[in-house]
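1. model this:
(2 chains)
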Amino acid sequence: MDYAMRAYLVKRLNRFLSYVLLIGVGLIILMPLLAMATTSIKQMSEYNVWPIKILPKVPQWRNFATVFTMAPYLKVALRTAGLGILVTILVTATSSLIGFAFARYPVKGNKPIFFIVVGLMIIPYIVVLIPQYVIYSRLHLTNTYWPWIFNAIAGNSLFIFLFRQIFLSFPRELEDAAEVDGAGPFRIYWQIFLPNAKPVIATVMIFAFSGVWSDYIMPLILLNDNRTLLSVKIATSYSNPQGIWLITIAMAANVFYIMPLLIAFFLAQKHIIKGVITSGLKG
Amino acid sequence: MEAAMMAKTRRNLNRAQRRTLTFYLFISPWLLGFVFLTIIPLLIGFLISFTNYEGLSLVNLRFVGMANYIRAFSSDAEVKFSLGKTLLWGLFNLPAWLILSFGMALILNQNVKGHGFFRTLYYLPSVVPVVAAITAWKVILDKNAGWLNGIISLFRPGTAIGWLSDYALQGMTIIAVWTGLGSGMVIFLAGLQNIPDELVEAARIDGANSFQVFRHITLPLMTPVIFLQLIMGLIGVFQQFNLPMVLTQVGLSRGAVPPRQIYLYMIHVYRQIFISNRWGYAFSLIWLLFIGVALLTLVVFWTEKYWVYTERPDEGW
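-> Residues are numbered from 1 along each chain as shown, chains lettered A, B, ... in the order given. The predicted structure follows:
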């Protein structure tokens, strides 16, 4: 066999194996989502059978109605969404302003402070949250939503970083021209920089909302059951009076639970992945 | 009158001073948050670690010196146990995640058709909240009727591995890799695309085969990205709390006891506070973890010069 022929075959084989691997791993990736979809329309008696039946005999669509009757799903979902929207607006506003300052004001103290901002990203939230809890409980702020508001107003390291990166890329002339026209710093930020950062705004808003929506730890530690958020509610509801967990109903609840995030992801996935790359490569 | 005075002072400041003032004004929300939401809580936690604070009354509050720290090293066997489990968790999770996400990035980087589709597909689990992910994985990892044991049973009938009990650490690794594969891969992929094509082509012309290109060009140029991922992963390993916590509580209750296999360090800390009311002791454990992770990170940073390729362009303003 001559060299070119061999090289060609090796290349084809390589390509073939690549696809086998890509599709194989893809199927594994999809498996839990498939499990979620099929379990949510099963009866409990169909869930625990051996040998396994992937699909139910009769799809139990009413599981999706039971989600709302067995637990106050709608009430807690609206509460979580409301808090999520409030936090998203606040944290996007402050983080963009802070990011703007870091990007456009290379004054004394800028670099060292920014180093701390980025450095804080490596401290996991739980380590700060537990001491915060001590203070909040002394101030009677546990079982309220103030901790979320405070955190949002203080901005978020990752979001500040993302805004700084995009604002750094804007040309100087943009700022100078506005300044000559007599625009103050806040107007320059609000009317010139922010409108040109829409992809980052979208990314940050999705990250911020899904942060509140997905988070399990803050509601677990800070809120009692009467004010808790959706993640904890779903995890600890849906048991029958005998104390047996109805995983089929819980799964139907989870289908509703992940829907807003999946929709947001498919609408803005390009921006989201870009955001992950920016933070991962330079953070 | 006050406004007039302020206007006067503002006029008297020169441009540089005004800009400095604006900068600090704009970042003030972060500065306040940094002081009141990070520094002060951490300091208070540090002080509490030298007391017998129980979370409620301050009447019996006493300074106990190093007693909490001594206790962590001597009389609490659970510290050693949970630390061991945490190390094991890192040993399972970190290499699996690094190798798989790097491997998938290498495959996707060969300009395969459907590149964007696979990237989206692999990233999908990253947006699934941890509660939903674990509920879904319970169907697959269940001991008696789980899909994974079902698949294994095709080859070895009667398999009943407790992926969420006796082998919970392995089960949790599967879930963690599933969740993290996409974000890891996306970052490696971006790193791979930064490698100049000319370098690879030049090596090919010199007669290097695929393996040689990987070994002598791709891998060395990727070491900075691998290094960064390793550091972040390592820090994450020791502070893992979310996964074992949710894995324990989903379908049960807030007070459920975690399986022994996933009794990680932070779980032990959490239980000291919220189950045993040993606040002072818990904070000494948190500070010990802090110091430990900081030292470990320094050690990894020290190894940087032996294996990480550096060619840092100036960032500039």
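2. just the helices in the stretch 1-150 of chain A please.
-> A:3-39, A:44-47, A:63-70, A:73-104, A:110-119, A:125-138, A:146-153 (DSSP state H, counting those that start in this stretch).
3. can you pull the buried residues of the fourth one?
-> Using 16 or more other C-beta atoms under 10 Å in any protein chain shown as the test for burial, helix A:73-104 gives A:73, A:76-77, A:79-81, A:83-84, A:87-88, A:90-104. Just so you know, the C-beta spots here come from the backbone N, C-alpha and C atoms, and that holds for glycine as well.
4. and if you look at the first one?
-> Residues of helix A:3-39 classed as buried by neighbour count (16+ other C-beta under 10 Å): A:Leu22, A:Val25, A:Gly26, A:Ile29, A:Met31, A:Pro32, A:Leu33, A:Ala35, A:Met36, A:Thr38, A:Thr39.
5. What angle do helix A:63-70 and that helix make with each other?
-> Between the axes of helix A:3-39 and helix A:63-70, defined by axes from the mean of the first three to the mean of the last three C-alpha atoms, to 10 degrees, the angle is 50 degrees.
6. Which positions in stretch B:126-145 come out as buried?
-> B:126-143, B:145.
7. Stretch A:42-58 too?
-> For stretch A:42-58, burial by neighbour count (16+ other C-beta under 10 Å) applies to A:Lys42, A:Glu46, A:Tyr47, A:Ile52, A:Pro56.
8. Which ones, among these, also lie beside chain B?
-> Counting by C-beta under 8 Å from any C-beta of the partner chain, A:Tyr47, A:Ile52 from the buried residues of stretch A:42-58 sit close to chain B.
9. Would you format the buried residues of stretch A:42-58 as CSV with pLDDT included?
-> Below are these laid out as CSV (pLDDT from 0 to 100):
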residue, pLDDT
A:Lys42, 91
A:Glu46, 86
A:Tyr47, 84
A:Ile52, 81
A:Pro56, 88
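10. Please identify which of the buried residues of stretch A:42-58 is nearest to A:Ala177.
-> For those, the residue nearest A:Ala177 by C-beta to C-beta is A:Lys42; the value is 63.5 Å.
11. so what's the closest one closest to, chain neighbours aside?
-> A:Pro56 (4.3 Å; C-beta to C-beta, 6 or more residues apart in numbering or on different chains).
12. Please apply the same query to B:Val257.
-> Nearest residue to B:Val257, sequence neighbours excluded (C-beta to C-beta, 6+ apart): B:Thr248, at 7.2 Å.
13. Give me the neighbour count for that neighbour.
-> The number of residues packed near B:Thr248 is 23, by other C-beta atoms under 10 Å in any protein chain shown.
14. about what we covered before: which ones among the buried residues of helix A:73-104 also lie next to chain B?
-> Within the buried residues of helix A:73-104, those near chain B by C-beta under 8 Å from any C-beta are A:Thr94, A:Leu97, A:Ile98, A:Phe100, A:Ala101, A:Phe102.
15. re earlier: just give me the lowest mean pLDDT stretch among the helices of the stretch 1-150 of chain A.
-> Confidence, taken as mean pLDDT, is least for helix A:44-47 of the helices of the stretch 1-150 of chain A (a mean of 85).
16. Tell me which residues are up against that one.
-> Here helix A:44-47 makes contact (C-beta atoms under 8 Å, 6 or more residues apart in numbering or on different chains) with A:Thr39, A:Lys53, A:Pro56, A:Lys57, A:Leu246, A:Ile247, A:Thr248, B:Val139, B:Ala145.
17. Would you tell me which residues of the stretch 151-300 of chain B are close to chain A?
-> Selection of the stretch 151-300 of chain B residues close to chain A by C-beta under 8 Å from any C-beta yields B:178, B:181, B:183, B:186-187, B:190-191, B:210, B:225, B:228-229, B:231-232, B:235-236, B:239, B:241-242, B:245-246, B:249-254, B:266, B:269-270, B:273-274, B:279, B:282-283, B:286, B:289-290.
18. What subset of those residues is buried?
-> Buried among those by 16+ other C-beta under 10 Å: B:178, B:181, B:183, B:186-187, B:190-191, B:225, B:228-229, B:231-232, B:235-236, B:239, B:241-242, B:245-246, B:249-251, B:266, B:269-270, B:273-274, B:279, B:282-283, B:286, B:289-290.
19. Filter those down to the ones in helices?
-> If you go by DSSP state H, these have B:178, B:181, B:183, B:186-187, B:190-191, B:225, B:228-229, B:231-232, B:235-236, B:242, B:245-246, B:249, B:266, B:269-270, B:273-274, B:279, B:282-283, B:286, B:289-290 in helices.
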